[in-house]
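Participant: Got a predicted structure here, sequence first:
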Amino acid sequence: MKRGFTLIELLVVIAIIAVLAAILFPVFAQAKEAAKKTACLSNLKQMGTAFALYLNDSEGVYPSCDNDKAKIAGQPPE
C-alpha cells in the first residue's frame, strides 16, 4: 500500500489555510493602523517638547514662520 496524501486531504488543508489567512489579514491591517497612530502621537509629542524647549531657550518667543533661508539656518542677514 502506498503512503501519501489524497487530493481531498490536500484540498482540506488548503481550505483551512485560506480560512485562517482570511481571518488574520484584517487583524494585521488593524495592528498596522494602530502602529501608525502610535507613531503619529509620538511625533506630535516630540514636536510639542521641541517647541517647549525652544520657548524656554528663546525667552518665550515662538519660532518664526518666515521662509528666509538665512534666518532658518541661523546665519546673520546680509
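Facilitator: It's in.
Participant: what about the longest helix in this protein?
Facilitator: In the chain, with assignment by DSSP state H, the single longest helix is helix 7-57.
Participant: Tell me where the model's unsure across the chain.
Facilitator: Filtered on pLDDT under 70, the chain yields the residue ranges 1, 65-78.
Participant: quick one: the residue nearest the centre of it from residue 43, how far?
Facilitator: Residue closest to the average C-alpha location in the chain (C-alpha atoms, centre = their mean): residue 36, at 3.1 Å. Distance, residue 36 to residue 43, using C-beta to C-beta, to the nearest Å: 11 Å. For every residue, glycine as well, the C-beta is placed using N, CA and C.
Participant: Regarding residue 3, what is its secondary structure?
Facilitator: Look at residue 3: counting by DSSP: H, G, I helix; E, B strand; the rest coil, its state is coil.
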